[in-house]
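Undergrad: my questions are about this predicted structure, shown below with the sequence.
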Amino acid sequence: TVNASGGLALTNVAAVGSVYAGIHRFDNIFFRRGGFLVTGDKVVVGDTVRIDEYGRWTHFDATADFESRLEFVAGTLAVSSNASINADGRGYLGGERPGNNGTNEGRTEGNAIGATIYAGGSYGGLGGHFGSGVPGPGYGNLTQPAALGSGGGRGSDDNWPGGDGGGWIRILAGEIQMDGVLSANGATPSGAQAGSGSGGTIDIETGALAGDGFIRANGGGFEVGGGGGRVAVRYGSLALATSHLEAKGGAASTMSGGNGTVFLKQASQTNGDLIIDGYGTATPADLCFIPGGCTFDNVTLRNQAYVTADNGLTVRGRLGLANTSTLTHSLEHEAGLAITAQDLEIDAASAIDVSGRGYRGGKRDGNDNIQGLALGGQLGAGQYCGGSYGGLGYNAPVHLVYGSPLNPAYLGGGGGRGSDNNWPGANGGGRV
């Protein structure tokens, strides 16, 4: 029965074609005996969400004109070892996926066109690529991530669609016991160098997080990997191993994706901690970036992480590199790598390394000139000449020396080409 007397007419608050979301409220939600739930609206639970016995909670798939997420509030969340909250492959569509037919590229932020043919989706880390493939750019806020993961581009023809990106999970809970899996992984395509989807978002705010389970926003793998997603946990107490928080780039046979970001902030901290983990696998260069504009309490790069920071890095406490990790800047980035930190710790197997990141050599890395490049990108060392900066390169004219010995602030000059284009000059050194 609808009582319309004295009420508000729907025509005053609704319009044809508009999109609306509800809020569903419960005292408790219990999953058991394989219970499976798909939601798109926000869910508010006054007491307990408990997921047992192969139960699974997810959100709706994205389409080419629709984005979904799984968002809920609970007093207590408990996920048992044989249960999950799983938004794998629920993000932006891959190229030529159903609903994205006729489009070679994967979808990315805002449902725009992203990764091309032969490229993985990007988000917290960039996707890998094969041949002429170009991944889309990274995006999103690493401290409060709020986006779906990107889809990968298709493979050699329309019969090889790219993988979909990972979904988006947002949880606000008084306490969480995580013994199962909470995941928003990118999907993996079936072959022909199609790109995998990137990992998505897992964003948690809780008074206490404990358990032996895993929280994952990993890129898809196989042949062309998707980039890792973004994980953020703001907490009062943490009794779940940080190694169980994952934002891996997808491991792939042609090119793996770049690793994503894991951000942790205890209630007592001002800025929070950033962890970028290579997970013990060699990471392709320039696929994992730390965006600018952030200040951290601590930053840890570990387990073969390879990280580029072009916009400066400010750390109020400790910046640590461990287990064969590398911190660098992009090629020919004239601002260099700027670090401000209270403590800097680099183990014997790791490095801050900007070797070969200066001005390009002749016929090297997109420089079509025989000469190497020098200060400001001008032509420098000629054929058969070494690059110059503080000292003069072999056979180079004297005027190519530049900069001040009291305040060195430039990239190194690239060397000239050799006898033909098969012998490009080497790049100059970078700037720290």
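TA: All right, it came through fine. Every value quoted in this text rests on a predicted model; they were computed, and no experiment measured them.
Undergrad: low-confidence regions, this protein specifically.
TA: In the predicted model, the chain carries pLDDT under 70 at residues 1-13.
Undergrad: please enumerate the helices of it.
TA: Counting by DSSP state H, the chain has no helices to list.
Undergrad: burial of residue 208, as a residue count?
TA: 16 (other CB atoms under 10 Å). All C-beta spots, glycine's among them, are computed from the backbone N, C-alpha and C.
Undergrad: got the contact list for it?
TA: Taking CB atoms under 8 Å, 6 or more residues apart in numbering, we find residue 208 in contact with 174-176, 235-239.
Undergrad: kindly recompute the last result at 6 Å.
TA: 175, 236-237 (CB atoms under 6 Å, 6 or more residues apart in numbering).
Undergrad: and for residue 287?
TA: For residue 287, counting by CB under 6 Å, 6+ apart, the contacting residues are 125-126, 258.
Undergrad: picking that back up, list buried residues within the contacts of residue 208.
TA: Neighbour counting with 16 or more other CB atoms under 10 Å marks residue 175 as buried within the contacts of residue 208.
Undergrad: redo the contacts of residue 208 as a markdown table? Include distance to residue 191.
TA: Shown next, in a markdown table, are those (distance: CB to CB, whole Å):
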| residue | distance to residue 191 |
| --- | --- |
| 175 | 44 |
| 236 | 46 |
| 237 | 45 |
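Undergrad: buried stuff in stretch 358-377?
TA: Under 16+ other CB under 10 Å, the buried positions of stretch 358-377 are 358-364, 367, 369-375.
Undergrad: not counting its own residues, what contacts that stretch?
TA: 332, 379-383, 387, 400, 402, 410-417, 421, 424-430.
Undergrad: report the buried members of the residues you listed.
TA: 332, 380-383, 387, 400, 410-417, 424-430.
Undergrad: quick one: contacts for the residue nearest the centre of the chain?
TA: For the chain, the residue nearest the mean C-alpha position is residue 124 (1.2 Å; CA atoms, centre = their mean). The contact partners of residue 124, taken as CB under 6 Å, 6+ apart, are 228-230, 247, 260-261.
Undergrad: keeping just the C-alphas, turn stretch 307-317 into PDB.
TA: The C-alpha coordinates for stretch 307-317 follow below in PDB (Å, rounded to 0.1, in the frame of the first residue of the first chain):
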ATOM      1  CA  VAL A 307      60.800   2.300  -8.500                       C
ATOM      2  CA  THR A 308      60.800   5.700 -10.400                       C
ATOM      3  CA  ALA A 309      60.200   8.900  -8.500                       C
ATOM      4  CA  ASP A 310      60.200  12.000 -10.800                       C
ATOM      5  CA  ASN A 311      58.300  14.400  -8.600                       C
ATOM      6  CA  GLY A 312      60.500  14.300  -5.500                       C
ATOM      7  CA  LEU A 313      60.200  12.100  -2.400                       C
ATOM      8  CA  THR A 314      59.600  13.500   1.100                       C
ATOM      9  CA  VAL A 315      60.000  11.100   4.000                       C
ATOM     10  CA  ARG A 316      59.700  12.400   7.600                       C
ATOM     11  CA  GLY A 317      61.200   9.200   9.000                       C
END
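Undergrad: thanks a lot, catch you later.
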